[in-house]
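Trainee: show me the folded form of this:
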Amino acid sequence: MFKNSILKNISIVLLLTVVAISCDDSGSDNPELEATPIVTTMIDGYQVELLSDNDLRTGYNNLYWKITKDGSSVDIAQISAMPMMHMTQMSHSCPYTSPEMMEEFSDYYQSSVNFIMPSGEMGSWDIMLEFTTSDDMTVSGTVDIEVESSWMITSAQSGDGNTYFITWYAPTSPKTGNQDLKFMVHKRENMMSFPAVDDAELSVYPFMDMGGGEGHSTQFETPTTKGDGMYEGSINYSMSGTWTTEVQVMTSTDTTSAVTFEYSVIAQ
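Mentor: Predicted coordinates:
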């Protein structure tokens, strides 16, 4: 009986140990982010990893930055990441946000970029990265990237000669049925500055061309401003196929020409 008691106690200890190990989250303090690797490069002895939700493309992109040295995370006090397109006669930037530490993935910094043109014969993209460590070491360099073309961004001119960039933010993969309809609007202030436009009204008209001069729209809610250049509404696609959506931007002092997004809606 005494032997059985010892064995029972040992079993309880082993069980509690297994439970404690399985419940210990010390190994998940810095979990790895599941994203698409874009490029890994070295800058002054620091390894810089750039990831995104997908291959980089014109339109909106989330960027995730991870910086390590000798395999260990780097404590960063300040960081900036400015995208630049280098062309034969000139260079320019595009709408973007500065990296901020992610709460759920503390090893990563998240920023965003609305690329306004693809890489190719017209020019090449890189990102000017600069960060300052907690011990006041400033590191800077460039990260070369490739940007593919997509249908999700276009530009519109106003009567006053201003250029606005309209980004299709959602849905990224349009399907039949009801879903969010979101756009982002930025104005080109100069070749390096593209501030968000928050005071506009959008005129939106989705349309499906059935051929022979026939076609129809569908039920939708016109997107309205939510701040930071974002406009949110909804759309209920009635059928799959090729659709167009015409968009026009109107502010108190400016009205753009109408531009058209063309895309496919899949059945679900």
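Trainee: could you pull out the strands for the stretch 51-200 of the chain?
Mentor: Taking DSSP state E, counting those that start in this stretch, the strands of the stretch 51-200 of the chain run over residues 59-69, 72-73, 76-87, 91-92, 96-101, 108-115, 123-133, 138-145, 153-157, 163-170, 177-187.
Trainee: in a markdown table, list those along with mean pLDDT and distance to residue 203.
Mentor: Where you see a C-beta, it was placed from the backbone N, CA and C, and this is true even at glycine. Putting these into a markdown table (pLDDT from 0 to 100; distance: least, C-beta to C-beta, whole Å) gives the following:
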| stretch | mean pLDDT | distance to residue 203 |
| --- | --- | --- |
| strand 59-69 | 98 | 21 |
| strand 72-73 | 94 | 48 |
| strand 76-87 | 98 | 30 |
| strand 91-92 | 98 | 28 |
| strand 96-101 | 97 | 27 |
| strand 108-115 | 98 | 21 |
| strand 123-133 | 98 | 32 |
| strand 138-145 | 98 | 34 |
| strand 153-157 | 98 | 11 |
| strand 163-170 | 98 | 12 |
| strand 177-187 | 98 | 11 |
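Trainee: tilt between the helix or strand where residue 245 lies and strand 177-187?
Mentor: Per DSSP states H and E: residue 245 is located in strand 241-250. Using axes from the mean of the first three to the mean of the last three C-alpha atoms, to 10 degrees, the inter-axis angle of strand 241-250 relative to strand 177-187 is 40 degrees.
Trainee: just checking, what packs against strand 241-250?
Mentor: strand 153-157, strand 163-170, strand 201-211, strand 259-265 (3 or more C-beta pairs under 8 Å, 6 or more residues apart in numbering; DSSP states H and E).
Trainee: just the CA trace of that strand, in CSV.
Mentor: The C-alpha atoms that make up strand 241-250 are tabulated as CSV, following Å, rounded to 0.1, in the frame of the first residue of the first chain:
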residue,chain,number,x,y,z
GLY,A,241,-18.2,38.5,-63.0
THR,A,242,-16.4,41.7,-64.1
TRP,A,243,-17.4,44.8,-62.4
THR,A,244,-16.3,48.5,-62.5
THR,A,245,-16.6,51.1,-59.8
GLU,A,246,-16.5,54.8,-60.7
VAL,A,247,-15.1,57.1,-57.9
GLN,A,248,-15.0,60.9,-57.7
VAL,A,249,-13.5,62.9,-54.9
MET,A,250,-15.1,66.2,-53.8
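Trainee: how far does that strand sit from the chain's center?
Mentor: Relative to the mean C-alpha coordinate of its chain, strand 241-250 is positioned 21 Å out (C-alpha atoms, centre = their mean, to the nearest Å).
Trainee: give me the mean pLDDT for it.
Mentor: On average, the pLDDT along strand 241-250 is 98.
Trainee: returning to what we had before: ranking the helices and strands packed on strand 241-250 by burial, who's on top?
Mentor: Among the helices and strands packed on strand 241-250, strand 163-170 has the highest mean neighbour count (mean count of other C-beta atoms under 10 Å), at a mean of 21.
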